[in-house]
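Trainee: what would the 3D arrangement of this be:
(one chain, ligands or ions: 1)
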Amino acid sequence: MAAARRGACVSIARARRLFFSCAVARSTERAASEDDARGSPSFAIPDGAPFFLGKTDASGRGLFASRAIARGELILRAPPLVAHPALDAIADVCYACLRRIPSATAQTRDDGSGPKKPAPVAAEVPDGARFCGERCATDASARFHAWERSVGDALAPLRRRCEDHGGLKFPLLAARLAFAVLSSSVAARDADALCRVNFPPGVAPEDWLEEHAMLKVALSRGLAIRRLADARGGGTGGGGGGGGGDAQLAAAASDREREARVVDGALTPEWYVGVVGRMHLNAFRVEIPAIVDGGRGGGGAGAGGCGHEHGGERGGERGGERVSSSSAFRDAMEAALSSVASGRGTGSALYGLPSMLNHSCDPSVDAAWTYGDATLVLTARRDVAAGEELRISR
Ligand SMILES: [Zn+2]
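Mentor: Residues are numbered from 1 along each chain as shown. As a prediction, the model looks like this:
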């Protein structure tokens, strides 16, 4: 039954998977039974969720309906494990949640004053980073951005490399994950449960190792800046609270020791190659329409066209499929078409449980950025029977 429904397109996906030598079955067993996914909120199945993680015949693991699910029913609302705006969208979206915000260029154009202000170039980030609101900025600061600010322009070489290579996304997504790990908002091994790329021992893409070296320079610089700030008594937000000078210094020193251990011991070249490989297989290209109707947009699953079971963002050219009003539909289509033209989207994101969904050309589940930010919302595309595997078009 499942095989018939999957049809010919899945054989392409299978070939692709073999090409990447992805050890789906092994990683599935580990995700389902061992520690990789345990303790990571991204892989925790919410109480009352209408699905469970199980094994499939072909793909190793998948999500299955634990009861009958009615068409249109909400299945999961998944915040990203990590998300990053596309380089050419940085001026237009929130640096943290990817919500679209009025761009500086649009504002200048609207009030008709002066020449059109050029969009901030990537190298100006993080100083040029914009957030959708105070709350998002504060939240981002705690999760990754305070650390990123410590690094300052030391990340510019990695950004330039991404720009020079046609808008590479995964190095910046990996850098953000590194900042999140250093900020203790994500564990270094949180992404381990995701399907991975297996390289022969001792062999990893040279490009990725170079990118890691650039990231390492930036992280070491960030660590030095934070130590300097401690010594000057300025603090970095990491050290203990309002205690006396000595206690505060000791807490900060202990924080810096932990961070140094993370930089040298956890965020290694092997870690980088592992997460970037997983991003190639699991990342979604986030598509948020330019205009979000009443706060609820209709960005559709942009992770891939038909035939990309683990397509990640390499394959994705599909825009919104399930939008309520005609204007929202038009916006979704325009956003999808413009992203096809540029080959980019609003951004990229890595999710936990949604990455466990297998592909189907006749999917039972819609994946969309319904809330206008990087939160991925899964809803039933049609009635689903208890026990049926949940599948999306990726
Ligand atoms: Zn935001």
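Trainee: which residues in the stretch 1-150 of the chain form strands?
Mentor: 51-54, 62-65, 74-78, 82-85 (DSSP state E, counting those that start in this stretch).
Trainee: can you tell me which of those is packed in deepest?
Mentor: strand 82-85 (a mean of 28; mean count of other Cβ atoms under 10 Å). All C-beta spots, glycine's among them, are computed from the backbone N, C-alpha and C.
Trainee: re earlier: in a markdown table: the strands of the stretch 1-150 of the chain, plus mean pLDDT and distance to the ion.
Mentor: Below are these laid out as a markdown table (pLDDT from 0 to 100; distance: least, Cβ to the ion, whole Å):
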| stretch | mean pLDDT | distance to the ion |
| --- | --- | --- |
| strand 51-54 | 94 | 28 |
| strand 62-65 | 95 | 28 |
| strand 74-78 | 96 | 16 |
| strand 82-85 | 95 | 10 |
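Trainee: turn those strands into JSON lines, including distance to F199.
Mentor: Shown next, in JSON lines, are these (distance: least, Cβ to Cβ, whole Å):
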{"stretch": "strand 51-54", "distance to F199": "26"}
{"stretch": "strand 62-65", "distance to F199": "25"}
{"stretch": "strand 74-78", "distance to F199": "28"}
{"stretch": "strand 82-85", "distance to F199": "22"}
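Trainee: identify whichever of the ones you listed lies nearest to M356.
Mentor: For these, distance to M356 was read as Cβ to Cβ. The smallest value, 5.3 Å, belongs to strand 62-65.
Trainee: the ion contacts on the stretch 51-200 of the chain?
Mentor: C94, A96, C97, R99, C132, C136 (Cβ under 5 Å from the ion).
Trainee: wait, isn't L168 in contact with R161?
Mentor: Yes. Using Cβ atoms under 8 Å, L168 is in contact with R161, at 7.1 Å.
Trainee: now G166, what's its secondary structure?
Mentor: Following DSSP: H, G, I helix; E, B strand; the rest coil, G166 is assigned to coil.
Trainee: could you measure from it over to A86?
Mentor: 11 Å (Cβ to Cβ, to the nearest Å).
Trainee: neighbour count: the two, which is higher?
Mentor: Neighbours were counted for G166 and for A86 using other Cβ atoms under 10 Å; A86 has more, 23 against 9.
Trainee: touching, the more buried one and S348? I think so.
Mentor: Yes. Counting by Cβ under 8 Å, S348 is a contact partner of A86 at 7.1 Å.
Trainee: between these two, what contacts are shared?
Mentor: In terms of Cβ atoms under 8 Å, 6 or more residues apart in numbering, A86 and S348 are both contacted by the residues K169.
Trainee: dump the residues of the stretch 51-200 of the chain next to the ion into TSV; add distance to W271, pLDDT and neighbour count as well.
Mentor: Shown next, in TSV, are these (distance: Cβ to Cβ, whole Å; pLDDT from 0 to 100; neighbours: other Cβ atoms under 10 Å):
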residue	distance to W271	pLDDT	neighbour count
C94	27	93	26
A96	23	94	27
C97	25	95	25
R99	29	93	22
C132	30	90	18
C136	27	93	19
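Trainee: among these, which two are most distant?
Mentor: A96 and R99, at 8.7 Å, using Cβ to Cβ across these.
Trainee: joint contacts of these two?
Mentor: C132, C136.
Trainee: contact partners for V365?
Mentor: Per Cβ under 8 Å, 6+ apart, neighbours of V365: I75, L357, L378, T379, A380, R381, V384, L390, R391, I392.
Trainee: give the contact list for the second one.
Mentor: Counting by Cβ under 8 Å, 6+ apart, L357 makes contact with G62, L63, V365, A367, L378, L390, R391, I392, R394.
Trainee: what about 6 Å?
Mentor: L63, L390, I392 (Cβ atoms under 6 Å, 6 or more residues apart in numbering).
Trainee: how about the second one, secondary structure?
Mentor: Judged by three-state DSSP, the three-state class of L390 is strand.
Trainee: by contact count, what packs against the lengthiest helix in the chain?
Mentor: Counting residues, the longest helix found in the chain (DSSP state H) is helix 206-231. If contacts are counted by 3 or more Cβ pairs under 6 Å, 6 or more residues apart in numbering; DSSP states H and E, helix 206-231 sits against helix 146-151, helix 245-261, helix 269-282.
Trainee: what does the first one contact?
Mentor: Residues outside helix 146-151 that contact it (Cβ under 6 Å, 6+ apart): P126, F179, L182, S183, A218, R221, G222, I225, R226, G237.
Trainee: now, which of those sits nearest the ion?
Mentor: For those, the residue nearest the ion by Cβ to the ion is P126; the value is 14.3 Å.
Trainee: could you chop this structure up by domain?
Mentor: 2-80+283-392, 117-279 (automatic domain parsing).
Trainee: among those domains, which gets the worst mean confidence?
Mentor: The weakest mean pLDDT among the domains of the chain belongs to domain 2-80+283-392, with a mean of 67.
Trainee: OK, contacts around R99?
Mentor: When contacts are taken as Cβ under 6 Å, 6+ apart, R99 is in contact with C132, G372, D373.
Trainee: turn those residues into CSV, including distance to A156.
Mentor: Shown next, in CSV, are those (distance: Cβ to Cβ, whole Å):
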residue, distance to A156
C132, 24
G372, 30
D373, 27
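Trainee: on that earlier part again, and the residues of the stretch 51-200 of the chain next to the ion, which is closest to T56?
Mentor: Nearest to T56 among those, with distances taken as Cβ to Cβ, is C97, at 32.4 Å.
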